[in-house]
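*Asks:* Pasting the sequence and the predicted coordinates here, then a few questions.
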Amino acid sequence: MTGTTMRGHSTPTSESTSVWEEQHYTLTDGRQVLIRPVQPSDGALEKELIEHLSADTSRMRFLGGIGQVSRQLIKILTDNDSRHEAFIALAEDENGTRHAVGVANFACDPDGRTCECAIVVADEWQKTELDKYLLQELVDAAKLDGLDEIYSIESASNAAIDHVARELGFNCKSDPRDYTMVRYSLNLH
């Protein structure tokens with residue numbers, strides 16, 4: 001499948017509560033990627049992805065970077081439940097080994113009506129539409145969950161997310177308390 005986000009519903013497995021099926025995409029540069037819901041067993045894949053991010057990419061994703069990847073962080077990032085959704089993008093290397101090349105997740109706010117999202121794409125997979133596909137997965141999941149709004153707090157210098165968010169209809173407002181930060185939001189109704 002090239003660039004569509006149509007999905008069929010499947011019966012959830014014991015590892016995942018998601019109704020999404022995996023989606024295969026061919027990116028504009030010809031590389032193949034599979035996007036599916038994150039499973040608890042994906043911890044090592046996510047850890048590898050995070051540990052291989054450049055300092056700039058890590059700073060953009062974690063708003064200041066991240067040191068060592070803790071078990072607690074991996075547990076949080078791989079836990080799909082009623083308040084958290086996450087998707088992982090996988091690609092095979094020349095030996096047929098799958099690696100995580102992107103991850104997207106959202107966590108519901110205490111009000112249960114809005115959620116904050118975040119996406120990270122491996123450096124060598126940036127400047128493709130992979131970030132757009134991952135963000136679209138989050139938007140679709142948030143709509144299915146009946147949420148009112150999805151948003152992201154980003155560094156104002158993050159030009160990559162600016163393009164993708166605006167392409168998908170997100171509004172951008174600067175943070176009046178911190179001019180270095182912006183808030184992207186999308187009304188889901």
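*Replies:* Done, it's in. Numbers count the residues shown, from 1 in each chain.

*Asks:* Assign a three-state SS to the nearest residue to residue 75 once chain neighbours are set aside, would you?
*Replies:* Spatial nearest neighbour of residue 75, chain neighbours left out: residue 43 (7.5 Å); criterion: CB to CB, 6 or more residues apart in numbering. Backbone N, C-alpha and C define where each C-beta goes, glycine included. Put simply, residue 43 is helix when judged by DSSP: H, G, I helix; E, B strand; the rest coil.

*Asks:* count of neighbours near residue 43?
*Replies:* Counted by other CB atoms under 10 Å, the residues lying close to residue 43 total 17.

*Asks:* what do you get for residue 140?
*Replies:* Using other CB under 10 Å, the number of residues around residue 140 comes to 17.

*Asks:* Quick check: it vs residue 130, distance?
*Replies:* Look at residue 140 and residue 130: by CB to CB, to the nearest Å, they are 16 Å apart.

*Asks:* State the mean pLDDT of the longest helix along the chain.
*Replies:* The longest helix of the chain (DSSP state H) is helix 130-144. The average pLDDT within helix 130-144 is 95.

*Asks:* Name the residues that touch the helix or strand just after it?
*Replies:* Going down the chain from helix 130-144, the next helix or strand is strand 149-155, by DSSP states H and E. With CB atoms under 8 Å, 6 or more residues apart in numbering as the test, strand 149-155 has contacts from 59-60, 63, 106, 113-118, 138-139, 142, 161-162, 165, 170, 175, 180-188.
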